[in-house]
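*Asks:* Sequence first, then the predicted structure:
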Amino acid sequence: MIDRINIEEINRIAREAGSVVLEVYGTEFSVDVKEDKSPLTEADRRANAVIVAGLERLYPEIPVISEETRTVAYDERKDWDYFWLVDPLDGTKEFIKRNGEFTVNIALVRGQTPVLGVVYQPVGDHLYYASEGQGAWKSSNGEAPRRLFGGPHYLTKDAVTVVASRSHLTDEVRTFISDLEAQGKTVKFISAGSSLKLCLVAEGAADVYPRLGPTMEWDTGAAHAVALEAGHRVVEHSSGEPLLYNKENLLNPSFIVE
């Protein structure tokens, strides 16, 4: 299946979605509140329409789960071999703050593992993408893509750069940093919004991303694929086992990108 996916087509869909997001970004947009109290804008809706229509046109046989569309019952999806996992606007809070740290996320999941991912940051025109066995790549401002490679594990380093959420810095993350310092490590902290945190580890701008709070599968799937192909691991914080997808509950446990 994955051999039949043209990642350049997925990149193009992500860019198209990013364009409609920027159209709304430049206006005095309104903000609605969903049942789970999270914000929703016209940009979320328009980007979702672009992505879902594009995927269904190109690959009608592959089902889609998106943050902004109907949740599929577990009994229906538990036996899926492949599915698209979409967050049309990851980092809506950053979008509302107008700080540019929001992304369009499209992942292909096989079984319970992301095997293809595209993360597009419209502000700055940064595109991260990866497909199983084809490496992870970044292209900015139309420049030629450069391949992303994982560096040494953060625990082997004397100086560690930790990236965490701009909007969700928790006491658990502060404890994680304190524990590293207690081991004698020099810790630099950087903050970023949305799935960019996983991408910063993938490209070597950060060494580790501890997400010790709630996220949903669509928040992480695309960037997870990028991190894997760059040579990193995404593991559950409690068990150290790989973070899995298409669970009965689509809520992620706490995890570490290392």
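*Replies:* In hand now; what should we look at?

*Asks:* going forward, measure contacts between C-alpha atoms and count neighbours the same way
*Replies:* Fine.

*Asks:* For the stretch 1-150 of the chain, which segments count as strands?
*Replies:* Secondary structure of the stretch 1-150 of the chain, counting by DSSP state E, counting those that start in this stretch: strands at 31-33, 39-41, 64-66, 82-90, 103-110, 113-121, 126-131, 136-140, 146-148.

*Asks:* Make a markdown table out of those and add mean neighbour count.
*Replies:* Output for the strands of the stretch 1-150 of the chain, formatted as a markdown table (neighbours: other C-alpha atoms under 10 Å):
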| stretch | mean neighbour count |
| --- | --- |
| strand 31-33 | 12 |
| strand 39-41 | 17 |
| strand 64-66 | 20 |
| strand 82-90 | 26 |
| strand 103-110 | 28 |
| strand 113-121 | 28 |
| strand 126-131 | 25 |
| strand 136-140 | 21 |
| strand 146-148 | 18 |
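
*Asks:* Just send those strands back as TSV, with mean pLDDT and distance to Ile256 too.
*Replies:* What follows is the strands of the stretch 1-150 of the chain, written out as TSV (pLDDT from 0 to 100; distance: least, C-alpha to C-alpha, whole Å):
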stretch	mean pLDDT	distance to Ile256
strand 31-33	85	29
strand 39-41	84	26
strand 64-66	96	23
strand 82-90	97	19
strand 103-110	98	19
strand 113-121	98	16
strand 126-131	98	19
strand 136-140	98	19
strand 146-148	98	19
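
*Asks:* Need these in TSV (columns: distance to Pro214).
*Replies:* Compiled in TSV, the strands of the stretch 1-150 of the chain are given as follows (distance: least, C-alpha to C-alpha, whole Å):
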stretch	distance to Pro214
strand 31-33	18
strand 39-41	16
strand 64-66	17
strand 82-90	14
strand 103-110	18
strand 113-121	19
strand 126-131	23
strand 136-140	26
strand 146-148	27
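
*Asks:* Out of those strands, which is closest to Gly240?
*Replies:* Among these, the nearest to Gly240 by C-alpha to C-alpha is strand 113-121 (15.4 Å).

*Asks:* Domains in this structure, by residue range?
*Replies:* According to automatic domain parsing, the chain comprises the domains 2-148, 154-257.

*Asks:* In the chain, spot the helix with the most residues.
*Replies:* In the chain, with assignment by DSSP state H, the single longest helix is helix 7-25.

*Asks:* Which strands or helices does that one pack on?
*Replies:* Applying 3 or more C-alpha pairs under 8 Å, 6 or more residues apart in numbering; DSSP states H and E, we find helix 7-25 packed against helix 42-58, strand 103-110, strand 113-121, strand 126-131.

*Asks:* Those: which one's closest to Met1?
*Replies:* With C-alpha to C-alpha, the closest approach to Met1 among these belongs to strand 103-110: 9.2 Å.

*Asks:* Please put the alpha-carbon coordinates of that closest one into CSV.
*Replies:* Extracted in CSV, the C-alpha atoms of strand 103-110 (Å, rounded to 0.1, in the frame of the first residue of the first chain):
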residue,chain,number,x,y,z
THR,A,103,1.0,23.3,11.4
VAL,A,104,-1.0,21.2,8.9
ASN,A,105,-0.6,17.5,9.8
ILE,A,106,-1.3,14.5,7.5
ALA,A,107,-0.2,11.0,8.5
LEU,A,108,-0.7,7.5,7.1
VAL,A,109,-0.9,4.9,9.8
ARG,A,110,-0.4,1.2,9.1
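
*Asks:* Figure out how far that strand is from the centre of its chain.
*Replies:* 7 Å (C-alpha atoms, centre = their mean, to the nearest Å).

*Asks:* Quick one: closest of the helices and strands packed on helix 7-25 to Ser238.
*Replies:* strand 113-121 (18.6 Å).
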